[in-house]
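Chemist: For reference, the sequence and a predicted model appear below.
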Amino acid sequence: MEDLSRYIRSIPDFPKPGVRFYDITSLLENPTGFKLALSRMEQYVVNSGAEKILAIESRGFIFGAALADRLNLPLAIVRKPGKLPGKCIMQEYELEYGTDRIEIHEDAVAEGQKVVIVDDLIATGGTLAAACKLVEKLGGEVVGISAVVALSFLPFEEKLEDYDYNYLVTFDSE
């Protein structure tokens, strides 16, 4: 199986000294790599039995929309507060340096609907765990989480231990 990490650029000292940024724009710019990533994510979504894709702002939208189109599934989105019109519910989550919030339309997920949450990256797992809670607040069932990259040097497993998740590439150093 081809290693997708070759399509992902590593940028040292971004956004600040000592941090290594794993840039998926190089994957998006390569049609072969992008199609390969989508095909692998697609297989996971199919096997999960998902009835809906939920994509997280903003790079998750790219993969979520493409997967929803490929699989003819509805797409819902999670955004930062104040970005969605209409009635929304919100979930707060912890960051290393405080808290943040995300929100979703209150009618985005139906009672009992099986949802796969899609994002580009699993870092600490905080945003993904918050998205799972939003789905559950609406009565949906999270049947999976799919991401392109996981940063294995960060402790996401504990936050996501109640969920099935997959990722295509892992990086194990800052």
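Modeler: That came through fine.
Chemist: Can you list the low-confidence ranges for this protein?
Modeler: Applying pLDDT under 70 to the chain flags residues 174.
Chemist: mind listing what the residue most central in space within it touches?
Modeler: Nearest to the geometric centre of the chain sits residue 119, at 1.8 Å (C-alpha atoms, centre = their mean). When contacts are counted by C-beta atoms under 8 Å, 6 or more residues apart in numbering, residue 119 is found next to 55-56, 59-60, 63, 127-128, 145-147. All C-beta atoms are positioned from the backbone trio N, CA, C, and that covers glycine.
Chemist: can you map out the strands along this structure?
Modeler: Here the chain has its strands, by DSSP state E, at 9-12, 20-23, 52-56, 75-78, 88-95, 98-105, 114-122, 141-151, 165-171.
Chemist: Which elements pack onto the fifth one?
Modeler: Right, strand 88-95. strand 98-105, helix 126-137 (3 or more C-beta pairs under 8 Å, 6 or more residues apart in numbering; DSSP states H and E).
Chemist: re the thing from before, can I get the strands of the chain in TSV including distance to residue 38?
Modeler: Output for those, formatted as TSV (distance: least, C-beta to C-beta, whole Å):
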stretch	distance to residue 38
strand 9-12	19
strand 20-23	18
strand 52-56	12
strand 75-78	14
strand 88-95	27
strand 98-105	23
strand 114-122	10
strand 141-151	10
strand 165-171	10
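Chemist: coming back round to it: take the helices and strands packed on strand 88-95 and lay them out in JSON lines including distance to residue 28.
Modeler: Formatted as JSON lines, these follow (distance: least, C-beta to C-beta, whole Å):
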{"stretch": "strand 98-105", "distance to residue 28": "23"}
{"stretch": "helix 126-137", "distance to residue 28": "20"}
